[in-house]
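> Just need the structure, nothing else, for what follows:
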Amino acid sequence: MNNFFIIINSDKKLAEKSGSTIESFLRSQGDRVSYTIWRGSRQDRYELPEGCDCIITIGGDGTLIQAARGTVGSGVPLIGINRGHMGYLTQLTDEEAIVPAMKRLMEEDYFIEERMLLCAEAYRDGERIWQDVALNEVMLARYNTIGSLRFEVYVNDTMLNEYFADGILVATPTGSTAYSLSAGGPIADPKARLIILTPICSHAMNSRSIIFSAHDRFTIVAGSDGQIAACDGVSQLQLKKGDEIRVRRSDNVARFIRLKQESFLESLRQKMTYV
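Numbering: from 1, shown residues only. A predicted model of the protein is given here:
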């Protein structure tokens, strides 16, 4: 790798320091490398430089997730440096590990891990009004009401259930350790290919998460006003009663750079015992 796109989350206090470390190292490499630096808090879509072969994010999981969403379809792999609270997806946390990691990237000493994405579309009166992708989850939740919400959920055009809840999540294995976990959903190996449906604070005693095949298609009908749809919590659409959110596995994947072979169970143990 010799052409880098570096995203620095300016909201993170330590991000600029790590950015300076990377920039100083790359400058020392002379004409061997080229790089572009983007600074800011969030961008819906990133314009990658021609020939870019690596995206480096400096912030936290949110920064890395947004970069994966904002470069979807490019095929360029990403690696994250954690300057936030806790990182499930980021690879590096120590400042002194940055330069050795950059050397490994330039020497092609790494491997790629692919994560599935979800594609979400909103339809109103038969017309598509919104489309986005999610690495963690597609969510329908309360917008401007304190009452319970109603959802009709269809799987492959067959009605599954009608839910009365505070919201509902359609999550990937990557998202199983995010909002879905907080809502009581199961943890899945991020390399698995499956989709998790989890109601949020359901008003029925028997409403539990359900695990589906990655090939299944979901249609969620907003049965009440006062709802929003969101992908990974950032791309939001205010819904009207009767709007449909259609969710399926995306044709694209997120490609993450890994510097070491760490088992899912080992990583899970470390993250779940983090204080």
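
> Give the buried residues for stretch 90-109.
Buried positions in stretch 90-109, judged by neighbour count with 16 or more other CB atoms under 10 Å: T90, Q91, L92, I98, A101, M102, L105, M106. Any C-beta I mention is one placed from the backbone N, CA and C, and that applies to glycine too.

> could you redo the residues you listed as JSON lines and give each row pLDDT, distance to R69 and secondary structure?
Converted to JSON lines, the buried residues of stretch 90-109 look like this (pLDDT from 0 to 100; distance: CB to CB, whole Å; DSSP: H, G, I helix; E, B strand; the rest coil):
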{"residue": "T90", "pLDDT": "88", "distance to R69": "16", "secondary structure": "coil"}
{"residue": "Q91", "pLDDT": "86", "distance to R69": "18", "secondary structure": "coil"}
{"residue": "L92", "pLDDT": "88", "distance to R69": "21", "secondary structure": "strand"}
{"residue": "I98", "pLDDT": "95", "distance to R69": "24", "secondary structure": "helix"}
{"residue": "A101", "pLDDT": "96", "distance to R69": "23", "secondary structure": "helix"}
{"residue": "M102", "pLDDT": "97", "distance to R69": "24", "secondary structure": "helix"}
{"residue": "L105", "pLDDT": "97", "distance to R69": "22", "secondary structure": "helix"}
{"residue": "M106", "pLDDT": "97", "distance to R69": "27", "secondary structure": "helix"}
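
> Mind listing what's buried along the longest helix seen in the chain?
Longest among the helix segments of the chain by residue count, using DSSP state H, is helix 15-28. Using 16+ other CB under 10 Å as the test for burial, helix 15-28 gives A15, S18, G19, T21, I22, F25, L26.

> got it, and stretch 167-184?
Going by neighbour count (16+ other CB under 10 Å), the buried part of stretch 167-184 is 167-181, 183.

> ok, so of the residues you listed, who is nearest L268?
Checking those against L268 with CB to CB, the nearest one is T177 at 7.8 Å.

> The closest one reaches D189, doesn't it?
No - at 10.5 Å, T177 and D189 do not qualify as touching, with contact defined as CB atoms under 8 Å.

> Now list whatever residues contact both of those two.
When CB atoms under 8 Å, 6 or more residues apart in numbering defines a contact, no residue borders T177 and D189 alike.

> just the strands in the stretch 1-150 of the chain please.
For the stretch 1-150 of the chain, strands defined by DSSP state E, counting those that start in this stretch occupy the ranges 3-9, 34-40, 54-59, 78-82, 111-124, 127-134, 137-142, 149-155.

> Can you lay out the ones you listed as JSON lines showing distance to L48, mean pLDDT and mean neighbour count?
Formatted as JSON lines, the strands of the stretch 1-150 of the chain follow (distance: least, CB to CB, whole Å; pLDDT from 0 to 100; neighbours: other CB atoms under 10 Å):
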{"stretch": "strand 3-9", "distance to L48": "5", "mean pLDDT": "97", "mean neighbour count": "23"}
{"stretch": "strand 34-40", "distance to L48": "8", "mean pLDDT": "95", "mean neighbour count": "15"}
{"stretch": "strand 54-59", "distance to L48": "7", "mean pLDDT": "97", "mean neighbour count": "27"}
{"stretch": "strand 78-82", "distance to L48": "11", "mean pLDDT": "95", "mean neighbour count": "27"}
{"stretch": "strand 111-124", "distance to L48": "17", "mean pLDDT": "97", "mean neighbour count": "18"}
{"stretch": "strand 127-134", "distance to L48": "17", "mean pLDDT": "97", "mean neighbour count": "16"}
{"stretch": "strand 137-142", "distance to L48": "25", "mean pLDDT": "96", "mean neighbour count": "25"}
{"stretch": "strand 149-155", "distance to L48": "36", "mean pLDDT": "95", "mean neighbour count": "19"}
